[in-house]
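Visitor: Give the three-dimensional model of this entry:
(one chain, ligands or ions: 1)
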Amino acid sequence: MVKAIRFHKTGGPEVLQLEDIAVGEPGAGEARVRHTAIGVNFIDTYHRSGLYPMPMPSGIGSEGAGVVEAVGAGVDFLKVGDRVAYTGNPIGSYAEARLFPADRLVKIPEGVSDQQAASMMLKGMTTQYLIHRTYAAKAGETVLWHAAAGGVGLIACQWLKALGVTVIGTVGSDEKAKLAKPAATI
Ligand SMILES: NC(=O)c1ccc[n+]([C@@H]2O[C@H](COP(=O)([O-])OP(=O)(O)OC[C@H]3O[C@@H](n4cnc5c(N)ncnc54)[C@H](OP(=O)(O)O)[C@@H]3O)[C@@H](O)[C@H]2O)c1
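Guide: Predicted structure coming up:
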């Protein structure tokens, strides 16, 4: 049994409950990950509120990192003890441990902490598609980024600055301005 945050009905933060759940052994193509860090994202509130409908009851949380505890049949590219990170479905990273499709686990390279990996998977890939694929930002250009001190914003502004882009950011408080200022004009 592990502790996990789950919800049985949609609503405000009060619907989230700490529960004991059975994780079980990984099936074919799965790995069991013992979390050492997880990421929190604005999308978690969409799942919790029902804006993005989920089957009930549900876990919550879209990114995490940890250590592989066990692997199921057919998983030969991961071994017990590997440090891994992930994002995406199935939702449910707010838990001490969980099962996850092994082919969507990324081995964490040396020099990247579990906390860094857990917090950059969804936010980092979101930033990657926005600034490279939705629009390929280039050195010398200027980008306006709203919520520059948010999870996505902090990664995006630093990445854009590294590309040579001038970043203008908006934030909701002086405290957030301090966080965002190293990479953006606020
Ligand atoms: N996390 C991801 O990977 C991801 C992926 C796809 C899409 N998105 C979208 O990108 C946006 C930012 O996500 P995030 O994870 O970076 O969020 P976050 O870290 O929670 O930051 C959200 C920020 O948005 C600003 N904001 C503006 N209007 C708001 C409102 N009505 N309620 C609450 N906050 C408001 C606030 O900053 P100020 O006070 O500075 O304005 C707040 O700190 C969200 O719309 C999210 O759905 C995120």
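
Visitor: from the middle of its chain, how far away would stretch 3-17 be?
Guide: 19 Å (C-alpha atoms, centre = their mean, to the nearest Å).

Visitor: Would you check how far apart the residue of the chain most remote from its centre and Thr10 are?
Guide: Residue farthest from the centre of the chain, counting by C-alpha atoms, centre = their mean, is Gly140 at 30.0 Å. The gap separating Gly140 from Thr10 is 46 Å, by C-beta to C-beta, to the nearest Å. C-betas here are computed from N, CA, C, even on glycine.

Visitor: What is the subsequent helix or strand relative to the longest helix anywhere in the chain?
Guide: The single longest helix within the chain, with elements called by DSSP state H, is helix 114-128. Reading on from helix 114-128 to the C-terminus, the next helix or strand found by DSSP states H and E is strand 142-145.

Visitor: List the pairing partners of that following strand within its sheet, with orientation.
Guide: strand 166-169 (parallel) (DSSP bridges).

Visitor: Just the mean pLDDT for the strand it pairs with, thanks.
Guide: In this model, strand 166-169 carries a mean pLDDT of 96.

Visitor: How about it and the ligand, touching?
Guide: No - contact of strand 166-169 with the ligand (C-beta under 6 Å from any ligand atom) is absent, the minimum separation being 8.5 Å.

Visitor: got the buried residues for that strand?
Guide: Buried residues in strand 166-169, defined by neighbour count with 16 or more other C-beta atoms under 10 Å: 167, 169.

Visitor: these two touch, right, Lys176 and Gly151?
Guide: No - counting by C-beta atoms under 8 Å, Lys176 stays clear of Gly151, with 11.9 Å between them.
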